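> Have a look at this prediction, sequence included:
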Amino acid sequence: MSIEDPILTPLTLEEYQALGVDERLARGAAAERSRRRWRESAACRELSAPIYAGTAACAENDGRERLTLDHITPLVRGGTHLPTNIRILCGSCNSRKKHH
């Protein structure tokens, strides 16, 4: 089965799988929708405020360049968008984390 734009289709991972969509495609589409909802949330804006105000620093090395919000436990591994699973990392620390 083929879905033209799975990212825009309002289905859960389980609904994609019930339709017979490839698991990798289903997980990717569900994760992208989750990321979009997160970026538009009040919690994301609140956690991002120190970055935009220039008062934040990387949780790993106190760097202040290319700061991002990082999910400690990735969403694809069951992580959540809760503030307890979010930290601020610089771009280099975040990139290094992806390879482990």
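Thanks, I have the structure now. Numbering: from 1, shown residues only.
> Ignoring the adjacent residues along the chain, who's closest to the residue nearest the centre of the chain?
Centroid-nearest residue in the chain, with Cα atoms, centre = their mean: residue 35, separated by 4.9 Å. Once flanking residues are discounted, residue 35 sits nearest to residue 75: 7.4 Å by Cβ to Cβ, 6 or more residues apart in numbering. From N, CA and C alone the C-beta is placed, and that goes for glycine too.
> so what's that neighbour up against?
Residue 75 sits next to 31, 34-35, 81 when contact means Cβ atoms under 8 Å, 6 or more residues apart in numbering.
> same question, residue 54
Residue 54 touches residue 64, counting by Cβ under 8 Å, 6+ apart.
> quick one: which of the contacts of residue 75 is most hemmed in?
residue 81 (18 neighbours; other Cβ atoms under 10 Å).
> Look up how far residue 69 lies from that residue.
10 Å (Cβ to Cβ, to the nearest Å).
> Quick check: neighbours shared by those two?
The contact lists of residue 81 and residue 69 share residue 44, where a contact means Cβ under 8 Å, 6+ apart.
> just to revisit the earlier point, so which helix or strand takes in the residue nearest to the centre of the chain?
Using DSSP states H and E, residue 35 sits within helix 23-39.
> Equivalent analysis for residue 63, please.
With DSSP H and E as criterion, residue 63 is part of no helix or strand.
> Is it in contact with residue 90, as I believe?
Yes: with contact defined as Cβ atoms under 8 Å, residue 63 counts as touching residue 90 (3.9 Å).
> neighbour count winner among these two?
residue 90 (22 against 16).
> Pull the contacting residues for that one.
Counted by Cβ under 8 Å, 6+ apart, residue 90 has contacts 58, 60-61, 63-68.
> Next: residue 65.
90-91.
> and the gap between residue 43 and residue 92?
From residue 43 to residue 92 the distance is 25 Å (Cβ to Cβ).
> remind me which residues of the protein are low pLDDT?
1-11, 98-100 (pLDDT under 70).
> Mind checking what secondary structure residue 44 has?
Secondary structure, DSSP: H, G, I helix; E, B strand; the rest coil: residue 44 is helix.
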